[in-house]
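Undergrad: I'd like to go over a predicted model; first the sequence, then the structure.
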Amino acid sequence: MSLETHIARKNLAIHPKERRIILKHADRPDYDASIDCYLRNGGYDQQKKAFSMKPEEICQEVLDAGVRGRGGAGFPAGMKWKFLDRKSGKPIYLICNADESEPGTFKDRQIIHKDPHQLIEGMMISAFAIQAAQAFIYIREEMPYGAKILEEAIEEARAKNLLGDNILGSGYSCDLVVHRGAAAYICGEETGLIESLEGKRAYPRIKPPYFPAALGLYMCPTIVNNVETLCNVKHIIEMGGHAYAEIGKPGNTGTRIWSLSGHVRKPGYYELENGVHTYGDLINEFGGGLRDGRQLQAVIPGGSSAKVWRAGERFKGKLRSGEEFDWAIEDVPLDFDGPMAAGSMSGSGAVVVIDDSVDIVEVLANINAFYAHESCGQCTPCREGSLWMKKITTRMANGGAREEDTALLASIGDQIAGRTICAHGEACAWPTQSFVAKFQDKFLDKAKQDPEQLSKRDFRMV
Amino acid sequence: MEWNELLLIVFKALLVLSVVMSLAAYAVLAERKVAAWVQGRVGPNRTQIPLLGGIPIIGTFLTRLGVFQPAADGLKFLFKEEPTPGHVNKFYYLLAPMIAFIPAMTTMTVLPFGQYVNEAGEVQPLVLANLDIGILFILAVSSLGVYGIVLGGWASNSKFPFLGGIRASAQMISYELSLGLSLLPVFLWFGGSLNLFNIVQGQTDLLFGFLPQWTILFQPLSALIFLVALFAETNRLPFDMPESETDLVAGYNTEYGAFKFGLYFVGEYTHIIIGSGVFVALFLGGWNLPWVTLPAGLFGTVLSVLIFVIKMLALVFVFMWVRWTLPRFRYDQVMTLGWRWLLPLAVANLVFYAIIIAVIEQF
Amino acid sequence: MSTMSDDNKQDTVTIYVDDQPVEVPAGINLVEAVAVAGKEVPHYCYHPKLSVVGNCRMCLVEMGTPGRDRATGEPMLDEEGNPKIMWVPKPVIGCATNVSPGMHVKTESSLVKDCREGVMEFLLVNHPLDCPICDQAGECRLQEFATDYGRGYSRFVEQKNVKPKRTRIGPRVTLDDERCILCSRCIRFCEEVADDPVLGFIDRGSYTTLTTFPGKELDNNYSLNTVDICPVGALTSTDFRFKMRVWFLKETPSIDTESSVGCNTVVGSREGTIYRITPRRNDAVNDTWMPDSGRTLYRQVDADDRMTQYSIEGRPCAAEEALTLASTYLRNGRSAIVASGRLSVEEQYLLTRIASHAPGETPAWLVARHAEGDGKLLSADRNPNVRGALVTGLIDRIPEAQLSQLSAALESGKVENLIVVGEDITQAGISIDQIKKANVVYIGAVHCDTAQYAKVEIPLLTVFEKAGSFINQQFRVQKFAQAVPGPKGVLFGLSNFTQLLAAVSDGKDRIEPSPAAVWTEMAAAIDEFKELSFSAIPSTGQLIPADRFADLPFVEGKSLHFEPRTAVADA
Amino acid sequence: MATKVLERKPLSLAEQTYLPQILGGMKITLRNMFKPPVTLEYPDERPDIPEGYRGVPTLVKDPNGREKCVSCQLCEFVCPPRAIRITPGEIDAESDTAHVEKAPKEFEINMLRCIYCGFCQEVCPEEAIFLQDIFSLSGYSREELVYQKDKLYELGGTLPDQHYKWDRKREAELAGNPHH
């Protein structure tokens, strides 16, 4: 079967302002996923280089590079590795989180489909750096071809002794396995992913005591990193940590692949140097701006779980560097700290642009439906709250809105956020909280829309 | 005495007896009705006699008025089971109601209740026995009634009846003095006659041509003392010490039921009726109406009886009226009133009228 | 807690619950620690005998620890010189947070209250609120905490989720999924305690549904413990379902008579009828569990073959008559006793006293009941009180299943009178002909062949109808109390035995028919019971010295809190 | 507390005789005699039973004829004189009201014990028991006045329902799970 037919190639030219490091080769017409092609382009050189280094040195390089996790939380990868419990004597595991499940995100898929060996190389370097006994790629079932490509790539790499026993004669052995998850959002949460990998329901674990760095997979120290993060390791080795840190801005080093979607003319992925561009650039320059005659209504800056920005909003405050700012949405820098300073987060880098053609209540209803469906059901606030919010927003969208619903939604959000086992609580509470807060007028208008219809309906349920 | 005369007397006696008995019975009804009306109630209104009660409007009216109630009450007294408590002195226990009943009935023999004026203008009293000392007879016989009560209270061999009996005896004795003393001025007034008929006749004429010569007008104090004493003598509220339900259950008759209780009951009401009759005869001009001369003959007789009975019933009503108005005296109050107020008052009254009459007779 | 004392660490730590210092055992979690302080942290999923998952979020509290300077490691102090408390910014779950020295906990702050209100509201939005028909009502944590910590009014106007109701998930357990709050206690119990992981969740989010794995049933002998630990009415006992509201039940502490483990139980009865038996927590014996089989034992009270009539040769008679005849037998001729390991210590002791008044030597036997132990709460020795018979001196060796000695003695006429208490000796190798040979007095709760051919029948009370004590495999004396009155006509308490004793001794040996009185006698006569009295035995039982019986080859296997000594086990 | 001594007003001569007071009292009673009666002639005339009257406790059905009692036994528990006795039962799975699951097998109220306190009505979570306006019960034997379920339903009849709690539950059940 021809995989090519299933892998939609971005047929647009690479934007000149993009700075491509990870996707350097990916969209080249002559580039394919085979190991030969990869080797031709200097592939696995960095692995060889890394294997000649001491693991601690690699760790130090990564720490120096200041590369932050690309999965959503933005936690420095080097720091994460540092926390590993190496004293226990238990085997250490490395897991690549390829469960790209945040709505709006489609960056990891590009790497996996177009340049799988880059990931494998990054992973093997990382595995060597943390002396992992086994490495896993946890990929969601909704990317079956990605899994297939990866499996083929792993076979190719194994044939060349780039992984497996006694890799490249270094004496270090580590195998890499692709594990297909059943495509649940919660499997993107690292402890949920670990549980799933263990063969259980993907119920996130309570922290404390189950920090993966100490009690992860099979209660052994475990590192879980995003695909993009692991790929970056290869480039850190290539450039050297400090050199890598030169890219982007301090604290927001390197490049990031942004997934732009929604009401823009050219949605797609754009690898940009951190902190150089702004959301305005992304939407208007890279994304080609809004459609004709449309006004910007809202922007979700980092995946559907991020807090929304309303068009026309201004963000004022002080950066950590002491610099004062007064931004419109268009001025917010595209990096980790910018959106954070503006009250939201960059998350997995999925920017969703919403213009005035849609009903904002329906947008929230859609988001809530997703989170209610994806709540794992383990802990109470998220389980019951997400479905309740979904039921309310669905009813509101269907014309049954009441005035008190707005306050109720906000209150439910408050009751969820910060009280759950994993971050899904925040993920489902933040959209509701922010939508209701920032679009309160629209939510209240919804209640006034059809009072006659309202009076006919009796919402009191048992 | 001829046998037919005897027969007439017996007939008359039976007639009066039955009238008084039924009056007593209806007095009970009246009492209940008056009590009900005073208290905003309806009173007995359900007893029906089968055919009579079935008459469309009248039957219903009578039923609601309760006129058949005495029949039911009487039957009840007759047919109820007669319990005799085990702890009583049987002989006196049985005797007591009779002693209470018989004197009450006997007093009526000397009470004139009308007159017969023949063609000649001679006036004959309607009375079973026209004794010259009628009033003395009444006083004497009716005071026997207290024995029934005392005996009943004692024979019941139970504390409440006993207390009732004791109270009754003390009360009766106390008030009998005032009762008797209050009457003396009346007899003085009417020239020393103790014949009730004469006293009634004495009240016939108009003084100065316009003033009814009723004793009550000339001797209101005597009338008042007599009336008060009469209340006490008949054990009516506010003097119902012997019964006083609130503290003695039913007083002297607590242990009595059915027919024996009935005797007490009828006796009490007979007392009231006879007492009223005496009061009417002594103070209210008997069958006389002021400014009216009764015609001679049978019609006049009937009229006179009617007038007498109406006056008497009016007084009976007053008895009931008072009962449902005034609260009961305390026992010591009864005694205080009797001895410290009524008796001196009665003596003073007697002395006063004795002097007045003496002065009048001087002229 | 026993593992705690093995630690070399400090045994207790001081924490501050709502600013009040409390000394608590080290290493326990905040739910337990706050309970030590006399306060309550509401919780659903946490169970002291199960692993911690922290999914109900009801036990959220505010927690802070004394701060330490990062650079120097010195304790941070505030202006007044008190340790500066670094409060955790978010509420933490009490069940998964262990105490540390100087820890501060807020259980009554507005945030904590708000958390509880929120969680209660969430738990109730999809709960059917069918308390009127729910068997858990009255002992339901959801009800209790909703009253104590809930908001008191509903903001939920949507349609509730629909889930399967009255589902049979096992022979004894019925599941109502709508009531389930997904605390997963039952799942953990099946996995961790019952070793029979058949329960699991299917579906996701609020639609999560508890069910058994395909083709599996919750049919292990501990399945009803899931009903006990279910904080709501989701898992209900099919036997108890809709029978009686729990608030009517009088709860009487009792003991499971199934085996020598002696699970502590609570008997729930109303107006003389027993409706259910549930476990009673005793961390040294059965934790909070008991086998399902022990829960139906109450049926013996109203069993069809229950014996409730004194009789002589099948002819009903008065109690005194039967007891007098029995004593006449005992006083004339050689007698023997077959007692039961199911009798209470008091009854066994009274039998030894009775035997002491009979002329000559009066041998006594117990009938052994052995079956395979399950390693948990059913041991191999299925008699609850063999050790009682040993301690009271009724027997001096381990009982056997077949009474061959007795059989021979009956055959040879060496035994003329036989008292059989609570055992059917026809099942223990005695033939009906042999029974007919002797004057057999049968004292028992049920009709059986022995009763049929006995000269005298004396009805016996079941464990639910009398008070007394058993000695379990650990030589732990455990009390049980009378839950319901005995059948009409049967002498109360220990009267059967005390009256027989009085009759045998010509009225000289009289003891009150109460366990307390018998214990006074036993404390004087038996070394192991020295200075013990019935009222002094704690509700969790009292261990007595077992040295005297160390060499006896008890038939026991491992059970939850009992490890047989290998030497004995090998023997 | 300070004691205030009130001086008793001396009685006038007329008052000392009490006669004016007596006459005044008699005037009042006489006036009363001519006022219409204030009483009700009970068996013929029936009083207007006020709302909230606590008469005989009865069991009611909802307007669809469904037996409302689910035998939760709260009334049995709360009843001060222990007049209520319920034997709970399970509703057959084939029944129309199978979703209610529980209904009383037997329900008896001993009217000789009942004190009409209304606790049962107040405590009933299903609004199935109501003290209605029946107030005069009679019978020839004690057994007769221990009212059984059928008699209680006969007395109770049907009352309007504000909630249709179980009907709504049934609706939700029929609607099923909307999540996939």
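TA: The structure has been received and is ready for your questions. Numbers count the residues shown, from 1 in each chain, chains lettered A, B, ... in the order given.
Undergrad: B:V228 against B:L342, yeah?
TA: Yes: with contact defined as C-beta atoms under 8 Å, B:V228 counts as touching B:L342 (6.3 Å). Where C-beta positions appear, they are placed from N, C-alpha and C, glycine not excepted.
Undergrad: Which neighbours do the two have in common?
TA: The contact sets of B:V228 and B:L342 overlap at B:175, B:178 (C-beta atoms under 8 Å, 6 or more residues apart in numbering or on different chains).
Undergrad: the more surrounded of those two?
TA: Per other C-beta atoms under 10 Å in any protein chain shown, whichever of B:V228 and B:L342 has more neighbours is B:L342, with 25 against 22.
Undergrad: Which residue is the nearest non-sequential neighbour of the more buried one?
TA: Counting by C-beta to C-beta, 6 or more residues apart in numbering or on different chains, B:S178 is the residue found nearest to B:L342 once chain neighbours are left out, at 4.0 Å.
Undergrad: Does that neighbour lie in a helix or a strand, and which?
TA: Assessed by DSSP states H and E, B:S178 sits inside helix B:159-189.
Undergrad: Moving C-terminal from that helix, which element do we reach first?
TA: Toward the C-terminus, helix B:159-189 is succeeded by helix B:196-202 as the next helix or strand (DSSP H and E).
Undergrad: So for whichever helix or strand comes after that following helix, mean pLDDT?
TA: Scanning forward in sequence from helix B:196-202 by DSSP H and E, the next helix or strand is strand B:206-207. Mean per-residue pLDDT for strand B:206-207: 70.
Undergrad: following strand B:206-207, which helix or strand comes up?
TA: Per DSSP H and E, the helix or strand that comes after strand B:206-207 is strand B:211-212.
Undergrad: Now do the contacts for C:N126.
TA: By C-beta under 8 Å, 6+ apart, C:N126 lies in contact with A:384, A:387, C:160-161, C:178, C:206.
Undergrad: A:R310: which of those is nearest?
TA: Closest approach between the contacts of C:N126 and A:R310, by C-beta to C-beta: A:L387, at 26.2 Å.
Undergrad: Excluding sequence neighbours, find me the nearest residue to that closest one.
TA: In space, A:L387 is closest to C:S206, 3.9 Å off (C-beta to C-beta, 6+ apart).
Undergrad: picking up where we left off before, quick check: the residue nearest to B:L342 touching B:P344?
TA: No: applying C-beta under 8 Å as the test, B:S178 and B:P344 come out as separate, 9.3 Å apart.
Undergrad: now for the helix holding B:S178, which elements pack on it?
TA: helix B:134-155, helix B:196-202, helix B:215-218, helix B:220-233, helix B:245-248, helix B:258-283, helix B:331-335, helix B:343-362 (3 or more C-beta pairs under 8 Å, 6 or more residues apart in numbering or on different chains; DSSP states H and E).
Undergrad: How about the residues of chain B by chain D?
TA: With C-beta under 8 Å from any C-beta of the partner chain as the criterion, chain B comes near chain D at residues B:34, B:36-42, B:45, B:321-322, B:324-326.
Undergrad: swap the cut-off to 6 Å and go again
TA: Applying C-beta under 6 Å from any C-beta of the partner chain, one finds that chain B approaches chain D through B:37-38, B:40-42, B:321, B:324-325.
Undergrad: Dump the residues you listed to CSV, plus neighbour count, distance to A:I95 and secondary structure.
TA: Formatted as CSV, the residues of chain B next to chain D follow (neighbours: other C-beta atoms under 10 Å in any protein chain shown; distance: C-beta to C-beta, whole Å; DSSP: H, G, I helix; E, B strand; the rest coil):
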residue, neighbour count, distance to A:I95, secondary structure
B:W37, 20, 103, helix
B:V38, 21, 102, helix
B:G40, 13, 95, coil
B:R41, 15, 96, coil
B:V42, 18, 97, coil
B:W321, 17, 109, helix
B:W324, 19, 103, coil
B:T325, 20, 105, coil
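Undergrad: which of these sit farthest apart?
TA: Spatially, the most separated pair among these is B:V42 and B:T325, at 19.6 Å (C-beta to C-beta).
Undergrad: before we move on, back to that, C:A368: which of the contacts of C:N126 is nearest?
TA: Proximity of the contacts of C:N126 to C:A368 (C-beta to C-beta) peaks at C:E178, which lies at 48.7 Å.
Undergrad: Pull up the per-residue confidence for that closest one.
TA: So C:E178 comes in at 93 (pLDDT).
Undergrad: What residue, apart from its backbone neighbours, is nearest D:T158 spatially?
TA: Using C-beta to C-beta, 6+ apart, the closest residue to D:T158 is D:K61 (4.9 Å).
Undergrad: Need the pLDDT of the one you found.
TA: For D:K61, the model assigns a pLDDT of 93.
Undergrad: where do the helices sit along chain D?
TA: For chain D, applying DSSP state H gives helices covering D:13-17, D:19-33, D:74-78, D:119-123, D:149-156, D:165-175.
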